[in-house]
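**Student:** Here's my sequence, what's the structure:
(chains A and B)
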Amino acid sequence: DAKTTQPPSMDCAEGRAANLPCNHSTISGNEYVYWYRQIHSQGPQYIIHGLKNNETNEMASLIITEDRKSSTLILPHATLRDTAVYYCIVRRSGSSNTGKLIFGQGTTLQVKP
Amino acid sequence: EAGVAQSPRYKIIEKRQSVAFWCNPISGHATLYWYQQILGQGPKLLIQFQNNGVVDDSQLPKDRFSAERLKGVDSTLKIQPAKLEDSAVYLCASSPTGADSGNTIYFGEGSWLTVV
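**Tutor:** Have a look, this model is predicted:
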């Protein structure tokens, strides 16, 4: 599975957009980019995923570069409740794969008032 | 829709004792995962079930950890005997199927284990 690189920590002002980068330069054509977050003392929470196109849902937007080697998760109006560890994960598809998620260290996002 | 249910939420045991964790996945989800998360680290997959069969248990310490999903629904993860380094959060997750990367995996709140 492709590895991902994320900054260990980031700060964001409340009400502003939070842009979390992720590098996945060895991603393959059949691999999805997934984002999860983990708020203290809770299980990981699914945010969004994409393959090639940009995606948006009620929580966030996912921007994937044309070469698919990097992506950015955008929280449009960060609140204090968005303070969490954010994981960018590349997930392989195909019959030889179990579809599991392999977590790295993630980015700790601190939203400040 | 009910989420992934886990119990107990917290457990403290002495080393060399045994402990069991229970997981009830989202209704209809064929794939079930158990992850271990040590403080300060990302979750690590221990075992994956597809219905009642094991798909991947390569990271499960089989000398002390065991897991089963007898009827393809609920699952139990057991540790016997526990070591100090087993102190962690044990996360259960489920998804409709495993091999299709388009399917989302949903996690429970976790069971916190402290071994003293």
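**Student:** from chain B, which residue is nearest to chain A?
**Tutor:** In chain B, no residue comes nearer to chain A than B:Gly42, which is 3.2 Å away by CB to the nearest CB. Backbone N, C-alpha and C define where each C-beta goes, glycine included.
**Student:** Just give the number of residues close to that residue.
**Tutor:** 19 (other CB atoms under 10 Å in any protein chain shown).
**Student:** what's around the nearest residue to it once chain neighbours are set aside, how many residues?
**Tutor:** In space, B:Gly42 comes closest to A:Phe103 once its chain neighbours are excluded; the distance is 3.2 Å by CB to CB, 6 or more residues apart in numbering or on different chains. By other CB under 10 Å, the residues close to A:Phe103 number 21.
**Student:** in the chain, which ranges drop under the pLDDT threshold?
**Tutor:** In the absence of a named chain, this looks at chain A. Applying pLDDT under 70 to chain A flags residues A:1-2, A:93-98.
**Student:** nope, chain B
**Tutor:** For chain B (pLDDT under 70), the answer is B:1, B:98-102.
**Student:** ok, the spatially most central residue of it - contacts?
**Tutor:** Nearest to the mean C-alpha position of chain B, by CA atoms, centre = their mean, lies B:Trp34 at 2.7 Å. Going by CB atoms under 8 Å, 6 or more residues apart in numbering or on different chains, B:Trp34 touches B:Cys23, B:Leu45, B:Leu46, B:Ile47, B:Gln48, B:Ala67, B:Ser75, B:Leu77, B:Tyr90, B:Leu91, B:Cys92, B:Ala93.
**Student:** So what sits opposite it in the bridge?
**Tutor:** Taking DSSP bridges as the rule, B:Trp34 bridges to B:Ile47, B:Cys92.
**Student:** what's the spacing between it and A:Asn23?
**Tutor:** As judged by CB to CB, to the nearest Å, B:Trp34 and A:Asn23 stand 29 Å apart.
**Student:** can you list the residues of chain B near chain A?
**Tutor:** B:4, B:31, B:33, B:41-45, B:48, B:55-56, B:91, B:93, B:95, B:97-110 (CB under 8 Å from any CB of the partner chain).
**Student:** Give me the buried entries from these.
**Tutor:** B:4, B:31, B:33, B:42-43, B:45, B:48, B:55-56, B:91, B:93, B:95, B:98-99, B:101, B:103, B:105-110 (16 or more other CB atoms under 10 Å in any protein chain shown).
**Student:** picking that back up, quick check, the residue nearest to B:Gly42 in contact with A:Tyr87.
**Tutor:** Yes. Using CB atoms under 8 Å, A:Phe103 is in contact with A:Tyr87, at 5.4 Å.
**Student:** What ranges does the chain have for its strands?
**Tutor:** I went with chain A, as the question did not name one. Per DSSP state E, chain A carries strands over the ranges A:9-13, A:18-23, A:31-38, A:45-50, A:55-56, A:61-64, A:70-75, A:84-92, A:107-112.
**Student:** Chain B was what I was after
**Tutor:** So, for chain B - with DSSP E - the strands run B:5-7, B:10-13, B:19-24, B:31-37, B:44-50, B:53-56, B:65-68, B:75-79, B:88-95, B:106-107, B:111-115.
**Student:** Any buried residues in the last one, and which?
**Tutor:** Neighbour-count burial for strand B:111-115, with 16+ other CB under 10 Å as criterion, is recorded at B:Ser111, B:Trp112, B:Leu113, B:Val115.
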